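>>> coords please:
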Amino acid sequence: MCDFVKLIFRILWFISVGRLHVAWIVCFTLIDLAGCFKLTSCNSNTSNQDLHAYGIMLIVATITLLLIIYNCSDQVLTTRERRLAKTREAAAKSARETAKARQRWNIAKNAAKKHASGLQTHFSQTFSLKKSSKHPEELKILDPKRFETDEDLYAPTHMSTSSESLSSSAPSEGQKTEPGNLMQMMHEIEDGPDNYEGFDVGTHDRKSKGHMPKGKQPNTHSQIFKYAYAQIEKEKALQQENKNLTFSGVVSIATNPEIRKRPLIEVSFKDLTLTLKGKGKHLLRCVTGKIKPGRITAVMGPSGAGKTTFISALAGKAIGCKMTGLILINGKNESIRSYRKIIGYVPQDDIVHGNLTVEENLWFNAKCRLSAHLSKPDKVLVVERVIESLGLQMVRDSLVGTVEKRGISGGQRKRVNVGLEMVMEPSLLILDEPTSGLDSASSQQLLRALRHEALEGVNICMVLHQPSYALFQMFDDLVLLAKGGLTVYHGSAKKAEEYFAGLGIYVPARVNPPDHFIDILEGIVTPPASSGVNYKELPVRWMLHNGYPVPPDLQQSAARLAMPSASVGSANGTNPADAGMEERSFAGELWQDVRSNVELQRDSIRLNLLKFKDLSSRRTPGILWQYRYFLGRVGKQRIREAKIQATDYLILLLAGACLGTLAKTSDENFGAVGYTYTIIAVSLLCKIAALRSFSLDKLQYWRESASGMSSLAYFLAKDTIDHFNTVIKPVVYLSMFFFFTNPRSSFAENYIVLLCLVYCVTGIAYALAIFFEPGPAQLWSVLLPVVLTLVATQTRDSEILKKISNLCYPKWALEAFVIANAERYYGVWLITRCGALLKSGYNLHEWTLCIVILILTGAVSRLIAYLGMITFQKK
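Purely as a prediction, here's the structure:
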């Protein structure tokens with residue numbers, strides 16, 4: 001026995017170091033040893049000898065395959081990404097060369113226009129003279145050789161023919177109509193160089209403007225990338241030309257329908273107040289104003305001012321609060337969740353998939369959230385534009401990274417977090433502290449990208465903590481909140497200093513204005529005594545300044561401000577609302593907390609189950625298409641986690657070897673002891689492995705489901721990929737256990753029972769992962785197989801215990817194993833078989849029933865897990 005175990009470990013060592021030929025030699029030695037060890041005689045032609053030989057060969061083949069997967073799992077995706085990267089770089093290089101050619105052509109065109117204009121002026125002056133004769137030498141003001149030289153300096157080589165024909169046509173004709181024809185020809189070239197005969201700029205995407213023509217959609221990766229990068233280079237050239245535009249040019253760009261193509265969303269709010277349920281605490285009070293499309297609004301204030309609560313209320317994500325006031329969408333009293341397909345919400349935490357690359361994260365969001373009618377080249381264009389604007393080109397093929405595995409930097413991860421919402425082309429984009437953790441250069445790059453989005457009519461609202469002066473100058477509007485959720489200022493960011501200067505609060509020299517305002521609201525900096533302003537009165541002053549109604553508890557402060565003789569120091573008096581609050585007992589506070597938690601859970605469930613009418617006019621991909629996208633994403637994640645999968649299989653192999661060696665098949669109990677060990681081991685190992693499917697990416701799922709992605713597609717894709725483990729793991733375990741124990745039942749019968757068992761316990765693990773946190777879920781996964789198996793194997797003396805055991809899945813799995821083994825006993829063993837089955841309470845004809853119950857248990861567990869996933873979401 002010791003020699004047998006030593007040879008097994010020696011095989012594993014030879015395979016791990018790559019010496020496969022030596023491993024096969026040891027395998028044949030092990031076959032001979034196994035025959036002598038297992039049998040009383042060493043006859044080489046017996047059936048048991050052959051059976052063990054097949055078993056050893058299957059074990060070695062399985063171990064070899066697992067080690068290959070363990071060491072080569074990332075090579076498939078890496079090779080594919082490398083090929084795509086080469087195609088993309090070639091397309092980008094081609095697009096840049098094309099853009100440079102276009103730039104040279106524009107320079108040559110301007111030079112030709114200048115010469116043609118001079119020619120026309122010369123002709124007009126010549127023909128206006130009263131002299132009847134003209135000398136040919138006077139026409140030498142335009143030297144053809146010089147013109148050809150200037151053209152050759154700028155135009156590409158393939159434009160030399162058109163340049164020569166253009167230069168030679170100028171002096172060849174002396175008629176009066178010739179200058180007009182020349183200018184007409186130049187205007188034709190200027191209006192459409194691609195349509196002019198004999199003109200070829202050498203590009204392959206001439207007529208691509210915004211969308212590809214129907215019937216000419218690019219199909220290959222190279223064509224798609226060429227189209228996308230050509231469009232990006234055109235946009236860069238347009239932005240370069242727009243830097244020195246006049247006012248009329250800016251107006252024409254702002255009203256250009258090709259640029260502003262997204263539906264506009266204006267959000268206005270009046271007397272918006274949020275009160276925490278059960279506690280009566282105000283999180284936001286009497287906020288009135290609007291955020292407009294095409295503008296960037298910054299929400300600032302000290303800690304506890306309700307900034308995140310404010311944007312959560314605008315996004316329809318505020319739960320556990322009683323909301324009063326109005327929120328109007330484009331002037332209509334409609335729910336903001338009806339527009340969630342065109343609303344992007346960037347959370348404060350960087351919730352991205354760490355085991356996907358930057359491009360894979362962005363591309364998945366684009367496929368699931370962009371319009372289903374948008375072609376693939378246009379989707380690629382959107383993704384490439386976002387990667388370009390956020391400066392993620394260098395890390396696009398890098399994994400984002402997790403806590404265990406290092407990936408991109410924190411600032412790049414933050415930009416990926418923002419890019420997930422930019423790729424879906426939102427009409428309203430809400431961001432919670434997008435510049436936290438970014439340096440000044442990265443913050444400005446992010447703001448420039450958002451500025452480009454605002455030019456397309458996107459309504460952008462973001463929470464910020466004391467931005468730099470350069471960033472502050474890039475905002476259009478400012479919402480300044482004080483502690484308690486009261487508004488201090490809401491209007492143009494450039495007029496904020498003017499408003500506070502009117503109150504006697506001036507920003508000192510070399511001090512950032514937002515820093516100074518927030519320090520005043522925090523009470524760190526005291527306003528000048530000459531101003532007569534206390535920082536606690538600033539919200540009331542804003543209400544009086546705009547004529548807004550003042551809440552009852554602030555009426556005293558408003559009346560005091562109305563009387564100039566009132567002393568400033570009285571503003572620090574006791575708040576009437578605070579004076580009226582009475583002290584609660586411990587039981588009262590406990591009951592209040594319980595009520596608050598119940599209200600929170602009820603609102604969360606209602607928000608998850610409530611359906612809203614879709615008013616976004618965007619048709620996103622259906623469940624089947626999203627299922628396909630989720631399937632591809634989960635498959636990539638599983639391939640990158642192949643080392644973990646291989647480790648699970650190796651543990652199953654060791655478990656099968658250990659239990660197969662310890663458990664001996666007894667004719668009295670039909671191998672029930674070994675099968676009991678099998679049920680416990682397989683249930684425990686498969687449950688713990690299945691917990692990873694839903695425990696590790698809960699935050700990502702909550703974000704995706706809140707944006708409108710299909711929860712059913714997500715769940716089915718996860719379950720479909722896990723079916724691979726459901727099919728393979730029984731083979732891995734039986735490759736050891738079956739050939740060590742050598743039961744009378746066939747390999748196929750044992751495989752079917754174990755397959756249904758793995759399917760059953762995987763569904764139970766889904767439910768545990770969704771309803772519990774990772775720690776408790778693992779504890780339940782360990783306890784349930786042991787406890788349920790002990791209950792199922794107890795002597796059923798009472799009727800209650802029998803009914804309880806019928807609810808335990810190990811009872812049906814064990815019965816199926818025992819029946820499959822007992823059916824192989826014939827002759828004199830029939831009497832022993834009947835007695836043993838009656839003693840255990842098993843029926844020889846219930847094998848199919850046991851299989852059906854295991855499958856139904858797995859299906860019902862999956863249904864419960866799915867209902868819990870869509871119902872009990874945390875926001």
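
>>> mind listing the strands in the stretch 451-600 of the chain by residue range?
With strands called from DSSP state E, counting those that start in this stretch, the stretch 451-600 of the chain shows them at 459-463, 477-482, 486-492.

>>> again, but for the chain
Ranges of strands within the chain are 267-276, 282-291, 296-300, 321-329, 343-346, 428-432, 459-463, 477-482, 486-492, based on DSSP state E.

>>> one step back: let's have the strands of the stretch 451-600 of the chain in a markdown table, adding mean pLDDT.
Written out in a markdown table, the entries for the strands of the stretch 451-600 of the chain read as follows (pLDDT from 0 to 100):
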| stretch | mean pLDDT |
| --- | --- |
| strand 459-463 | 94 |
| strand 477-482 | 93 |
| strand 486-492 | 92 |
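
>>> name the nearest residue to residue 729, sequence neighbours excluded.
Computed as CB to CB, 6 or more residues apart in numbering, the closest residue to residue 729 that is not its neighbour in sequence is residue 758, at 5.6 Å. (Glycine included, C-beta is placed from N, CA and C.)

>>> confidence score at that neighbour?
The pLDDT attached to residue 758 in the predicted structure is 95.

>>> still on that earlier bit, among the strands of the chain, which comes closest to residue 646?
For those, the distance to residue 646 is smallest for strand 343-346, at 36.8 Å, taking CB to CB.

>>> that closest one packs against which elements?
Helices and strands touching strand 343-346, by 3 or more CB pairs under 8 Å, 6 or more residues apart in numbering; DSSP states H and E, are helix 410-422, strand 428-432.

>>> out of the ones you listed, deepest packed?
Per residue and on average, the most neighbours among the helices and strands packed on strand 343-346 fall to strand 428-432, with a mean of 25 (mean count of other CB atoms under 10 Å).

>>> helices or strands up against that one?
When contacts are defined as 3+ CB pairs under 8 Å, 6+ apart, strand 428-432 sits against helix 307-315, strand 343-346, helix 410-422, strand 459-463.

>>> let's see 7 Å
Identification of packing neighbours for strand 428-432 by 3 or more CB pairs under 7 Å, 6 or more residues apart in numbering; DSSP states H and E yields helix 307-315, strand 343-346, strand 459-463.

>>> the shortest one - which strands sit beside it in the sheet, and in what orientation?
Just to be clear, that refers to strand 343-346. strand 428-432 (parallel) (DSSP bridges).

>>> repeat that for the last one.
Next to strand 459-463 in the sheet, as set by DSSP bridges, lie strand 296-300 (parallel), strand 428-432 (parallel).

>>> next, count neighbours for residue 367.
Under the neighbour criterion other CB atoms under 10 Å, residue 367 is assigned a count of 23.

>>> can you read off the pLDDT for it?
At residue 367 the predicted local confidence, pLDDT, stands at 93.

>>> how about TSV for the strands paired with strand 459-463, with mean pLDDT and distance to residue 770 added?
Written out in TSV, the entries for the strands paired with strand 459-463 read as follows (pLDDT from 0 to 100; distance: least, CB to CB, whole Å):
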stretch	mean pLDDT	distance to residue 770
strand 296-300	94	34
strand 428-432	93	26
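
>>> next up, the contacts around residue 522.
Counting by CB atoms under 7 Å, 6 or more residues apart in numbering, residue 522 touches residue 302.

>>> what about it, distance to residue 114?
Using CB to CB, to the nearest Å, residue 522 is found at 61 Å from residue 114.

>>> repeat for residue 536
Here the criterion is CB to CB. By it, residue 536 lies 67 Å from residue 114.

>>> before we move on, what about residue 741?
Between residue 741 and residue 114 the computed distance is 94 Å (CB to CB).

>>> how about residue 405?
In this structure, residue 405 and residue 114 are 60 Å apart, going by CB to CB.

>>> again with residue 418
Between residue 418 and residue 114 the distance is 45 Å, computed by CB to CB.

>>> can you pull the contacts of residue 275?
When contacts are counted by CB under 7 Å, 6+ apart, residue 275 touches 281-282, 321-322.

>>> hmm, 6 Å instead?
Shown here is residue 275, whose contacts under the criterion CB atoms under 6 Å, 6 or more residues apart in numbering are 282, 322.

>>> tell me the spacing between it and residue 727.
54 Å.

>>> the more surrounded of residue 536 and residue 114?
Set side by side, residue 536 and residue 114 show unequal neighbour counts under other CB under 10 Å, the larger going to residue 536 at 18 against 11.

>>> that one and residue 483, how far apart?
According to CB to CB, residue 536 stands 9 Å off from residue 483.

>>> OK, contacts around residue 867?
Listed by CB under 6 Å, 6+ apart, residue 867 has no contact partners.

>>> ok, what's across the strand from residue 289?
Applying DSSP bridges to residue 289 yields these beta-bridge partners: residue 269.

>>> I'd assumed residue 492 was in contact with it.
No. Counting by CB atoms under 6 Å, residue 492 is not a contact partner of residue 289; they are 11.7 Å apart.

>>> those two - which one has more neighbours?
For residue 289 against residue 492, the residue with the higher neighbour count under other CB under 10 Å is residue 289, and the figures read 19 against 14.

>>> let me know the pLDDT of that one.
Value listed for residue 289 in the pLDDT field: 92.

>>> cool, residue 331 as well?
Taken from the predicted model, the pLDDT recorded for residue 331 is 88.

>>> and it, how far is that from residue 456?
Taken as CB to CB, the span from residue 331 to residue 456 is 21 Å.

>>> compare those two (neighbour count), which wins?
residue 456 (14 against 9).

>>> so what does that one look like in phi/psi?
Per-residue torsions, residue 456: phi -90, psi 10 (degrees, to the nearest 10).

>>> from residue 382, how far off is it?
Taken as CB to CB, the span from residue 456 to residue 382 is 12 Å.

>>> one more: residue 468?
Using CB to CB, one gets 30 Å for the distance from residue 468 to residue 382.

>>> tell me which of these two has more neighbours.
Using other CB under 10 Å as the criterion, residue 468 and residue 382 rank with residue 382 on top: 20 against 15.

>>> now do the same end-to-end measure for stretch 790-806.
Using CA to CA, to the nearest Å, the gap from the first to the last residue of stretch 790-806 comes to 13 Å.

>>> would you mark the buried spots in it?
Within stretch 790-806, the residues that qualify as buried by neighbour count (16 or more other CB atoms under 10 Å) are 792-793, 796, 804-805.

>>> in the stretch 351-500 of the chain, which spans are helices?
All helices of the stretch 351-500 of the chain, identified by DSSP state H, counting those that start in this stretch, fall at 358-369, 376-389, 410-422, 440-455, 469-472, 496-502.

>>> out of these, the one nearest residue 813 is which?
Using CB to CB as the criterion, the shortest distance between residue 813 and the helices of the stretch 351-500 of the chain is 38.1 Å, found for helix 358-369.

>>> name the helices or strands packed onto the closest one?
Applying 3 or more CB pairs under 6 Å, 6 or more residues apart in numbering; DSSP states H and E, one finds that helix 358-369 makes contact with helix 376-389, helix 410-422, helix 623-640.
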